[in-house]
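S.K.: Let's see this in three dimensions:
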Amino acid sequence: MTEIRVVALYHFAKLEDYQDLQAPLLEKCLAESVMGTLLLAEEGVNGTIAGAPEGVANVLAYLRSDLRLADLKHKDSYAEEPPFLRMKVRLKKEIVTMGVDGIDPNLIVGTYVKPEDWNALISDPDVVVVDTRNDYEVEIGTFAHAIDPQTTSFREFPAWVKNNGNALGNKKIAMFCTGGIRCEKSTAYLKAQGYEEVFHLEGGILKYLETVPEEKSLWQGECFVFDDRVSVGHDLKVGPYDLCHACRHVISDEDKKSPLYKPGISCPKCHGTKSEEQMERYGERQKQMELAKERDEIHLGSGAFSHLKRA
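M.R.: Modelled structure (predicted):
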């Protein structure tokens, strides 16, 4: 079986004609049998795609053929099963939604820290370490002693900063996220608010897990990813988690042993929160997925991330 290449990518660039880029980009991805989701906005491109190594390479080359995207960053990992069932190219106001006007990482941004230098920085007692991801991501893994803002979307992050000035103080601030893109904006936002010593993990958690040996790692747990792998660990190996298809929360093997867990319908985290109508709909979807599996077909409703938002 051919190994599937999974690429997370982003680049901030002025794309005034981003709407015109949508159709040709989608056509190229489909021609290369590449699946996933790409976001286009006036501020750049962001997303994750997967497919045969050559097909993914061709899509990356196509993107970089636009001189504005020549320096596009990407991170590789690999999967045995397709992590996406569709290819989407979406037009957005922002490629990572913070909801604050005037934040441009091309003009001001925090100091990049290489993965191999990250441990020394976050081990400094005078450094405040902040996880910029959302609560459902932090739940399954983070760096030791990192502050969890307990946000449910990245839009909530600016309000958290304003309400936690005492925690941030005049210390050095080290921030991290999955692949680096949220930190481009979060560090730019902090710099705009007057914080001077702001740092972020270059390449994000994914690059750290790929680069730093497990025996030297300060990472604890798994890293949530926005595809059907759900999580990865050191060396970017696929983790043990799954998603509840009803509430989209991460669930463990232990959660699946609960009497409250019904595949595709409910889990211990959402049991009792759904209406009868929703439960019936989820049950029918699960039934169709199981029938499709028996026929050795892919049911498009099985994509656990089909409605999950990145921000």
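S.K.: Show the average pLDDT along stretch 123-133.
M.R.: In this model, stretch 123-133 has a mean pLDDT of 96.
S.K.: CA atoms only for that stretch, dumped as CSV, please.
M.R.: Only the C-alpha atoms of stretch 123-133 are listed here, as CSV (Å, rounded to 0.1, in the frame of the first residue of the first chain):
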residue,chain,number,x,y,z
SER,A,123,12.6,25.9,31.2
ASP,A,124,13.5,29.5,32.2
PRO,A,125,11.5,30.4,35.4
ASP,A,126,11.1,34.0,34.1
VAL,A,127,9.3,32.8,31.0
VAL,A,128,5.5,32.5,30.8
VAL,A,129,4.5,29.7,28.4
VAL,A,130,1.1,30.0,26.7
ASP,A,131,-0.7,27.4,24.7
THR,A,132,-2.7,29.3,22.0
ARG,A,133,-4.8,26.3,21.0
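S.K.: contacts for it?
M.R.: Stretch 123-133 has contacts (CB atoms under 8 Å, 6 or more residues apart in numbering) with 121-122, 138, 142-143, 145-149, 154, 157, 167-169, 171-178, 182-183, 186, 199, 218, 224. For every residue, glycine as well, the C-beta is placed using N, CA and C.
S.K.: gap between the two ends of stretch 244-257?
M.R.: End-to-end span of stretch 244-257 (CA to CA, to the nearest Å): 13 Å.
S.K.: got the buried residues for that stretch?
M.R.: Residues C244, H245, A246, C247, R248, V250, I251, D255 are the ones in stretch 244-257 that count as buried (16 or more other CB atoms under 10 Å).
S.K.: just stretch 221-231 next, same as before
M.R.: Buried-residue list, stretch 221-231, by 16+ other CB under 10 Å: E222, C223, F224, V225, F226, D227, D228, R229, V230, S231.
S.K.: Return that stretch as CSV; C-alpha atoms alone will do.
M.R.: Presented in CSV, the C-alpha positions along stretch 221-231 are these (Å, rounded to 0.1, in the frame of the first residue of the first chain):
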residue,chain,number,x,y,z
GLY,A,221,0.6,13.6,25.8
GLU,A,222,-0.6,13.7,22.1
CYS,A,223,-1.0,16.5,19.6
PHE,A,224,-4.5,17.1,18.2
VAL,A,225,-4.6,17.3,14.4
PHE,A,226,-7.4,18.5,12.1
ASP,A,227,-7.9,15.3,10.1
ASP,A,228,-9.1,11.8,10.7
ARG,A,229,-5.9,10.7,12.4
VAL,A,230,-7.1,12.8,15.4
SER,A,231,-3.8,12.9,17.1
